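In: Sharing a model prediction with you, sequence too.
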Amino acid sequence: MLNAGTAAAAATDTIAEMMNAMGKKARAAAHLLAIAPGPQKDKALLEMAAAIRAATPEILEANALDIQAMRDNGQTAAYLDRGTLDEGRIDSIAVALEDISKLADPVGHVIDRWQRPNGLDISRVRTPLGVIGVIYESRPNVTADAGALCLKAGNPVILRGGSDTLHSNLAIHRALQKGLVAAGLPADAIQLVPVKDREAVGEMLRGLGGNLDVIVPRGGKSLVARVQDEARVPVFAHLEGLVHIFVDKKADLHKAVDIVFNSKLRRTGICGSLETLLVHEAVAATHLRPIIDALQAKGCEIRGDDEVAALCSNVKPVSEEDWTTEYLDAILSVKIVADLEEAIEHIGKYSSHHTDCIISEDRKAVEKFFAEVDSAIVLCNASTQFADGGEFGMGAEIGIATGRMHARGPVGVEQLTSFKYVVRGEGQTRP
């Protein structure tokens, strides 16, 4: 009879074997996918969309199991919202797949071309990255988005979704594989880790025996920190969204109210949701109260210092920890600043370099903000909830990369490619 330690080791060995087998299957699919013509990949995406719609009852049934388990575990309303699917959201998943099919095929695209004095013709051409691992939490639509984007860019993908939405992810994944098979592409081009055990993540971070080329983490601070600490393959970092809006002294009041409200409350559980509001002291008396009133009317908790509390009612004291917290809930930290320079300084100190916004009619202030705020996405006079690959015309995204290497901002099909140099000669030799 196995003791507990032996049983645990056996389970780990089983997971390691399963994960390494997935890596080998993905590598085997890589060549076929890299040379698959664009129309065949697009057919697969359209077949996936049709399969998603056809499987709506199955997906809803699976999602109900996940949501009930979340409720039993006491998850927050915002967390539940991130994991919940309904007919509208499932149709949106299908629409995203159709949108991705309409994008230009990045594989084989000539980025640049030039000739050397010796007659060599040199091109820089997009190629697939290779086998991609995507580790994500909560939102089951990422299963379809990530699978579809990797497919479009010619990359096999191994998906490891959040344990809280495993049933939903499995149901969506079955539909994706039906689409692949219907288009004559290998089902192993999109694989989903079918277990909750965290050791599966560890195996991915170790590179699956050299079969994983890059990892994209999409989740909270603890997940990303683990990936960055343990990964033995390159990582596209997706840090939390410590998103700021600065209301400048020349901000239009109507725009400020609408933009801040939408940025915070449209969906509080996404990475583009506003977490810190900075208001220029010159307009604090005129702009702050209408903004806060609109938020509080919808149940948003406001945390601010004495200056904010003096202008608005029902303000809870803000702490240093609040400036570094991604609430993903109906909570907002608020600060009154002396000027644009102080706002930029605050953002530089606390921002996760994800998305930050200025509301202003002053062109010089906007350009200064754009030049000095070092974030993947900077906006002017628009909701931070537009920080999304679909809204950028990319069809969808795997995540928002906050690093500076290779990809930054929404990671879409182009960001999931590398390139090679193609050199054509006519017999030239080097002297």
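Out: The structure has been received and is ready for your questions.
In: quick one: Asp105 from Asp99, how far?
Out: As judged by CB to CB, to the nearest Å, Asp105 and Asp99 stand 14 Å apart. To be clear about C-beta, it is placed using only N, CA and C from the backbone, and glycine gets the same treatment.
In: I meant Lys41, not that one.
Out: Lys41 sits 14 Å away from Asp99, taking CB to CB as the criterion.
In: neighbour count winner among the two?
Out: Neighbour totals were compared for Lys41 and Asp99, and Lys41 leads with 23 against 17 (other CB atoms under 10 Å).
In: OK, contacts around that one?
Out: Neighbouring residues of Lys41 by CB atoms under 8 Å, 6 or more residues apart in numbering: 101, 105, 151-152, 154, 183, 185.
In: Of those residues - the most surrounded one?
Out: Neighbour max across the contacts of Lys41 (other CB under 10 Å) = Leu151, 30 neighbours.
In: just to revisit the earlier point, which of the contacts of Lys41 fall in helices?
Out: The helices in this structure, assigned by DSSP state H, contain 101, 151-152 from the contacts of Lys41.
In: how about the nearest residue to Gly161, chain neighbours excluded?
Out: The spatial neighbour of Gly161 that comes closest, neighbours along the chain excluded (CB to CB, 6 or more residues apart in numbering), is Asn169 at 4.0 Å.
In: typed the wrong thing, it's Thr325
Out: Here the residue nearest Thr325, using CB to CB, 6+ apart, is Glu275, at 7.0 Å.
In: Touching the helix or strand that neighbour falls within from outside, list them.
Out: Under the criterion DSSP states H and E, the helix or strand holding Glu275 is strand 274-280. Around strand 274-280, the neighbours that count as contacts under CB under 8 Å, 6+ apart are 241-249, 251, 260, 263-264, 287-288, 291, 323, 325-327, 332-340, 343, 346-347, 350, 384.
In: filter the residues you listed to the buried ones?
Out: With burial judged by 16 or more other CB atoms under 10 Å, the buried subset of the contacts of strand 274-280 is 241-249, 251, 260, 263-264, 287-288, 291, 323, 325-327, 332-337, 340, 343, 346-347, 350, 384.
In: re the thing from before, got the contact list for the residue nearest to Gly161?
Out: By CB under 8 Å, 6+ apart, Asn169 lies in contact with 140, 143, 159, 161-162, 192.
In: That one belongs to a helix, doesn't it?
Out: Yes. The assignment for Asn169 (DSSP: H, G, I helix; E, B strand; the rest coil) places it in a helix.
In: From Gly83, how far off is it?
Out: Using CB to CB, Asn169 is found at 10 Å from Gly83.
In: got any residues that touch both of the two?
Out: With CB under 8 Å, 6+ apart, Asn169 and Gly83 have common neighbours 140, 162.
In: Greatest separation within the contacts of Asn169: which pair is it?
Out: With distances taken as CB to CB, the most widely separated pair in those is Gly162 and Leu192, at 11.8 Å.
In: Who has more neighbours out of these two?
Out: Taking Gly162 and Leu192 together and counting by other CB under 10 Å, Gly162 has the greater number of neighbours (24 against 21).
In: Could you list the domains of this protein?
Out: Structural domains assigned to the chain are 12-238+411-423, 243-386, following automatic domain parsing.
In: need those domains in CSV with distance to Gly399 and mean pLDDT, can you?
Out: CSV is the format used below for those (distance: least, CB to CB, whole Å; pLDDT from 0 to 100):
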stretch, distance to Gly399, mean pLDDT
domain 12-238+411-423, 4, 93
domain 243-386, 8, 96
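In: Dump those into a markdown table; add distance to Thr429 as well.
Out: Listed next are the domains of the chain as a markdown table, based on distance: least, CB to CB, whole Å:
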| stretch | distance to Thr429 |
| --- | --- |
| domain 12-238+411-423 | 10 |
| domain 243-386 | 46 |
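In: where exactly do the strands run in the stretch 51-200 of the chain?
Out: Per DSSP state E, counting those that start in this stretch, the stretch 51-200 of the chain carries strands over the ranges 110-115, 121-128, 132-136, 157-160, 190-192.
In: Could you check the second one and say which residues are buried?
Out: Spelled out, it's strand 121-128. 125-128.
In: if I pick the closest residue to Arg53 other than its chain neighbours, what's in contact with it?
Out: Beyond its immediate neighbours in the sequence, the residue positioned closest to Arg53 (CB to CB, 6+ apart) is Ala94, lying 5.1 Å away. Contact criterion CB under 8 Å, 6+ apart gives 49-50, 52-53 as the residues in contact with Ala94.
In: go on, Phe369?
Out: 246, 340, 343-344, 358, 360, 378, 380.
In: how near is it to His353?
Out: Here the distance between Phe369 and His353 works out to 14 Å (CB to CB).
In: Equivalent analysis for Val243, please.
Out: For Val243 relative to His353 (CB to CB), the value is 11 Å.
In: Can you work out which residues contact both of those two?
Out: The contact lists of Val243 and His353 share no entry, where a contact means CB under 8 Å, 6+ apart.
In: can you give me the helices in this structure?
Out: Chain-ordered helices for the chain, with DSSP H as the definition, fall at 4-34, 38-54, 56-72, 77-83, 87-102, 141-152, 166-182, 199-205, 221-230, 253-265, 289-297, 306-311, 340-350, 363-372.
In: hey, which of these is tucked in deepest?
Out: Of all the helices of the chain, helix 141-152 has the most neighbours on average by mean count of other CB atoms under 10 Å, namely a mean of 27.
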